[in-house]
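Engineer: Could you work out the structure for the sequence below:
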Amino acid sequence: MKIAISGKGGVGKTTIMAMLARQLRRNGKEVLVIDADPSPHMAQTIGIENVERITPISEMKELLAERSGRVEGSPFYNINPKVDDLPARFMLEKDGIRLMVLGAIQTGEGGCACAESTVLKRLLTKLLLQPSQVVLLDMEAGVEHLGRGTVAKADHLLIVVIPSQSSVRTALRIKKLAEEVKIPRISFVGNLVADAEDEKFLTGALGEEPLAFFPDSPRIRKTERAGEPVITVPGEMAAEAQQVLDKIGLKAEG
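Structural biologist: Have a look, this model is predicted:
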């Protein structure tokens with residue numbers, strides 16, 4: 001299964017993804033996390049060292065140009081680039097969780113990066129999975145990635161939303177665009193939820209109850225501020241993560 005996670009900036013989607021990855025590993029699944037955010041943070045979140053040395057694949061201009069077959073100044077490029085070897089070459093691993101830092105193609109002044117985006121989309125679609133394998137895609141904040149279609153091959157989109165009007169507005173817009181690109185399943189996940197009043201607000205504003213309500217955790221916040229991997233906080237958010245997995249069909253075996 002390929003699960004994408006999106007939401008407004010600052011809602012904690014990377015933390016939620018890390019907790020889901022940890023829970024999946026505990027359940028015996030093979031987990032590959034793909035960080036497709038323009039400012040990747042997943043490596044630090046799961047405890048990979050020397051994160052400053054990691055170069056996102058999207059910034060490897062020569063590699064992307066080579067795979068796309070595009071010649072500088074030419075409008076033509078290969079729409080079926082070779083990507084089969086990229087996972088093995090650029091995977092990192094920490095405690096059984098594998099990570100690929102994809103990053104996101106950045107363009108200035110409205111320019112097009114079609115060739116480079118094609119390589120990245122091809123990479124996502126070529127990941128063939130066994131039943132024991134799960135891919136988690138940490139998408140960039142907001143809605144732009146849906147317009148590029150990068151997430152279109154996901155089986156399920158989780159939209160992280162916090163108890164605020166601006167977060168709800170962005171979440172509903174993401175859902176609408178996700179429906180337009182025909183993502184099969186779309187769900188909300190509440191985060192930074194303090195009490196029953198927050199739960200009621202989110203359910204009412206979204207028009208449906210989120211799969212789970214993740215708490216506003218001081219332990220997670222302090223760990224992140226200290227520059228330590230939040231995935232190491234014992235027991236934190238495990239019940240909520242398992243609740244999400246149960247509801248999307250990834251129940252713990254046994």
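
Engineer: Let me see the ranges of the strands in the stretch 151-254 of the chain.
Structural biologist: Using DSSP state E, counting those that start in this stretch, the strands of the stretch 151-254 of the chain run over 156-161, 185-193, 213-215.

Engineer: Any chance of those in a markdown table with distance to residue 42 and mean neighbour count as columns?
Structural biologist: The way it works is simple: take the backbone N, C-alpha and C, and place the C-beta from them, glycine included. A markdown table is the format used below for the strands of the stretch 151-254 of the chain (distance: least, C-beta to C-beta, whole Å; neighbours: other C-beta atoms under 10 Å):
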| stretch | distance to residue 42 | mean neighbour count |
| --- | --- | --- |
| strand 156-161 | 14 | 26 |
| strand 185-193 | 16 | 22 |
| strand 213-215 | 17 | 21 |
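
Engineer: mind checking which of these is nearest residue 98?
Structural biologist: Proximity to residue 98, assessed across those by C-beta to C-beta, is greatest for strand 156-161 (19.4 Å).

Engineer: Mind listing the strands that closest one pairs with, and their directions?
Structural biologist: Note on strand 156-161: by DSSP bridges, its sheet partners are strand 2-7 (parallel), strand 185-193 (parallel).

Engineer: Compare those and say which comes out lowest on pLDDT.
Structural biologist: In terms of mean pLDDT, the lowest-scoring of the strands paired with strand 156-161 is strand 2-7 (a mean of 90).

Engineer: State the mean pLDDT of the next helix or strand after it.
Structural biologist: Towards the C-terminus, the helix or strand next in line after strand 2-7, according to DSSP states H and E, is helix 13-26. Along helix 13-26, the predicted confidence averages to a pLDDT of 93.

Engineer: and helix 13-26 with strand 156-161, angle?
Structural biologist: Direction vectors for helix 13-26 and strand 156-161, defined by axes from the mean of the first three to the mean of the last three C-alpha atoms, to 10 degrees, enclose an angle of 130 degrees.

Engineer: In helix 13-26, which residues are buried?
Structural biologist: Neighbour counts over helix 13-26 (16 or more other C-beta atoms under 10 Å) mark 13-25 as buried.
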